[in-house]
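Q: My questions concern the predicted model and sequence given below.
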Amino acid sequence: MIVVSVFEFFGRFHPLFVHLPIGILLVGLLLHWISKIEKYNNLKHAVPALMFFGAISAALSCISGFLLSLSGEYSGSTLDWHMWMGIGVFVVAVILCFKLNTKKIDWLYKVLAVGLVLLISVTGHLGGTLTHGSDYLIIDFGSSDLEDVPVVAIPDVQQAAAYNDIVQPILQAKCYNCHGPDKQKGKYRMDSPEFLVKGGKEGEAIVLGNAEESELIRRLLLPKEDKHHMAPSGKTQLTENEIAILHWWIEEGADFSKVVKDIEQSEKIKPILLTLQSDQQELKALPIIPSEDIEAANENDIQKLKEVGIVVLPVAQNSNYLMANFVMIPNAGDKEVELLDKIKEQLIWLKLGDTKITDAALATIGSCTNLIQLQLSNTEVSDVGMESLKNLSNLQSLNLVGTKVTSNGVKALNNIKSLQSIYLYQTGIDKVNFEELQQLFGKVLLDTGGYIVPTLVSDTTLVN
């Protein structure tokens, strides 16, 4: 094990050595060509030395590359071709050195010089393919994210094969570059069921039936700055929905043959699976701050709100849009909400959770037409008040947790096209009503809560 680790250590110098022959040999060939011009004729004396050092660096690149391949992180035909092309660069460089020293600049020298340029180009391309993926050079430069590639919709997600149609496409898009047939970081390969379950050099990555204990899920949930986080920094990250799907699939046994309808589904995963039936897996994120400028609210009006205990702050630096939070006055009622009328044009985030407000307060809130986020959790609002919110055309997120609202009240909001999420935990909505709402709202996330999220060390929050 000690010998292997030493080999791997020196193998990791390959990215350093590999750029030397590329630069030195190409500069040597360039100077030899330029030296044909009379005024630059003296440059020809530097060419033999450059080609010699280029050949030496090519040898070091070949040796370090071979040692790096022993780590097991790379394999397949691409690696084989990269290795032999690299050896070809070394051999041709040695022959050119010999011809330069014997001053035999004949037709063979010229052919080999052109061949060396081609060999360097092909070897470099294959090396880039191993490191960055086969589409690294041909990816659409107009797109900065693989998630912009159109997703083929699943006609009926409940009839889809859980692994082949849902899980495997996620892994293929986000994981195969580092854990596929050509490269296996941590000696872990993910492009087949056998390899996926087998795990890598640190053991099993999937614990069937236990997502929390699965190394794959643990690494997906690590902070992005953690060196063990998957996907690595700079790579396309998995979305929250994709992680939720993998978590669900592993938690339910990671079966490779079952269709979705035969696997138990929580109320949280159902709407996420339902999004796969559309042409777009994730809703396009709407701006949380309007792009249009707005006149600043009157400072005296803001001061009056602060005097009764309402927290009023700008949502961003140099922005006139405001957020209001009633957290400091839990006994606030409908009368205090009426004070918001003075800043209704600037108000976009409003938190009224755990207050004493009733449906009467929603008439005032309904006039705050720029609202984007509204929290009404654990208040006395009901279906009657939902009618007052129908004109909030910019509303994206609505929290109704712990209220008396039923499915009839939620249906009144169906015409708000900007809605992305409604939180309905501990409301008057039963399972039958929820399924009806899912069909009605389509892509909107209807979160009924009641699920357990594992606590990680990274969940600690520092408050300044």
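A: Good, I have the coordinates.

Q: all contacts plus neighbour counts: C-alpha atoms, from now on.
A: Fine.

Q: just the helices in the stretch 301-450 of the chain please.
A: Using DSSP state H, counting those that start in this stretch, the helices assigned to the stretch 301-450 of the chain run over residues 334-337, 361-365, 383-386, 407-411, 431-441.

Q: and those helices, which one's lowest on average pLDDT?
A: The weakest mean pLDDT among the helices of the stretch 301-450 of the chain belongs to helix 431-441, with a mean of 84.

Q: Report the residue ranges of every domain in this protein.
A: Using automatic domain parsing, the domain parsing of the chain gives 2-132, 146-277, 299-451.

Q: can you list the ones you listed in a markdown table and add mean neighbour count and distance to residue 292?
A: Shown next, in a markdown table, are the domains of the chain (neighbours: other CA atoms under 10 Å; distance: least, CA to CA, whole Å):
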| stretch | mean neighbour count | distance to residue 292 |
| --- | --- | --- |
| domain 2-132 | 18 | 40 |
| domain 146-277 | 17 | 26 |
| domain 299-451 | 18 | 10 |
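
Q: Nearest approach to residue 290 belongs to which of the ones you listed?
A: Residue 290 sits nearest to domain 299-451 of all the domains of the chain, at 8.3 Å, using CA to CA.

Q: hmm, back to that, using a markdown table, lay out the domains of the chain together with distance to residue 289.
A: Shown next, in a markdown table, are these (distance: least, CA to CA, whole Å):
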| stretch | distance to residue 289 |
| --- | --- |
| domain 2-132 | 35 |
| domain 146-277 | 22 |
| domain 299-451 | 8 |
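
Q: Show me the one of the helices of the stretch 301-450 of the chain that comes nearest residue 158.
A: Counting by CA to CA, residue 158 lies closest to helix 431-441 out of the helices of the stretch 301-450 of the chain; the figure is 14.1 Å.

Q: tell me what the closest one is packed against?
A: Judged by 3 or more CA pairs under 8 Å, 6 or more residues apart in numbering; DSSP states H and E, the packing partners of helix 431-441 are helix 407-411.

Q: same for the helix it packs on, what does it pack against?
A: For helix 407-411, the packing partners by 3+ CA pairs under 8 Å, 6+ apart come out as helix 383-386, helix 431-441.

Q: Can you report phi and psi for residue 381?
A: phi -70, psi 150 (degrees, to the nearest 10).

Q: Can you give the distance from stretch 81-92 to the centre of its chain?
A: Put simply, stretch 81-92 sits 36 Å off its chain's centre (CA atoms, centre = their mean, to the nearest Å).

Q: With stretch 178-195 instead?
A: Stretch 178-195 has its C-alpha centroid displaced from the chain centroid by 19 Å (CA atoms, centre = their mean).

Q: List the residues that contact residue 388.
A: Counting by CA atoms under 8 Å, 6 or more residues apart in numbering, residue 388 makes contact with 362, 363, 365, 366.

Q: Please repeat the previous calculation with a cut-off of 7 Å.
A: Contacts for residue 388 (CA atoms under 7 Å, 6 or more residues apart in numbering) come out as 362, 363, 366.

Q: what do you get for residue 395?
A: 371, 372, 373, 418, 419 are the contacts of residue 395 under CA under 7 Å, 6+ apart.

Q: one step back: can you tell me which of the contacts of residue 388 comes closest to residue 406?
A: Set against residue 406, the nearest of the contacts of residue 388 by CA to CA is residue 362 (16.2 Å).

Q: That closest one and residue 193, how far apart?
A: Relative to residue 193, residue 362 is positioned 53 Å away (CA to CA, to the nearest Å).

Q: related to what we said a few turns ago, nearest to residue 177, out of the helices and strands packed on helix 407-411?
A: Here helix 431-441 is closest among these (CA to CA), at 35.6 Å.

Q: C-alpha coordinates for that closest one, PDB please?
A: Written as PDB, here are the backbone C-alpha positions of helix 431-441 (Å, rounded to 0.1, in the frame of the first residue of the first chain):
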ATOM      1  CA  LYS A 431     -55.200  13.700   1.300                       C
ATOM      2  CA  VAL A 432     -58.100  13.600  -1.200                       C
ATOM      3  CA  ASN A 433     -58.200  17.400  -1.400                       C
ATOM      4  CA  PHE A 434     -54.400  17.500  -1.700                       C
ATOM      5  CA  GLU A 435     -54.400  15.300  -4.800                       C
ATOM      6  CA  GLU A 436     -57.000  17.400  -6.400                       C
ATOM      7  CA  LEU A 437     -55.000  20.600  -5.700                       C
ATOM      8  CA  GLN A 438     -51.900  18.900  -7.200                       C
ATOM      9  CA  GLN A 439     -53.700  18.400 -10.500                       C
ATOM     10  CA  LEU A 440     -55.100  22.000 -10.400                       C
ATOM     11  CA  PHE A 441     -51.800  23.800  -9.600                       C
END
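
Q: Surely residue 368 and residue 344 touch.
A: Yes. Between residue 368 and residue 344 there is a contact at 4.6 Å, judged by CA atoms under 7 Å.

Q: Give me the local confidence score for residue 291.
A: On the pLDDT scale, residue 291 gets 78.

Q: Doesn't it lie inside a helix?
A: No. Secondary structure of residue 291 (DSSP: H, G, I helix; E, B strand; the rest coil): coil, not part of a helix.

Q: number of nearby residues for it?
A: Per other CA atoms under 10 Å, the neighbour tally for residue 291 reads 7.

Q: got the contact list for it?
A: With contacts defined as CA under 7 Å, 6+ apart, residue 291 has no neighbours.

Q: Now it. Its backbone dihedrals?
A: phi -80, psi -20.

Q: Which among the helices of the stretch 301-450 of the chain is found nearest to residue 173?
A: helix 431-441 (27.9 Å).

Q: so how far is the closest one off the chain centroid?
A: Here helix 431-441 is found 30 Å from its chain centre; the criterion is CA atoms, centre = their mean.

Q: Look up how far residue 367 lies from the closest residue to residue 305 other than its chain neighbours.
A: Leaving out its chain neighbours, the residue that sits closest to residue 305 by CA to CA, 6 or more residues apart in numbering is residue 339, at 6.7 Å. Distance, residue 339 to residue 367, using CA to CA: 12 Å.

Q: go on, residue 374?
A: 13 Å.

Q: can you check residue 155 too?
A: The gap separating residue 155 from residue 367 is 40 Å, by CA to CA.
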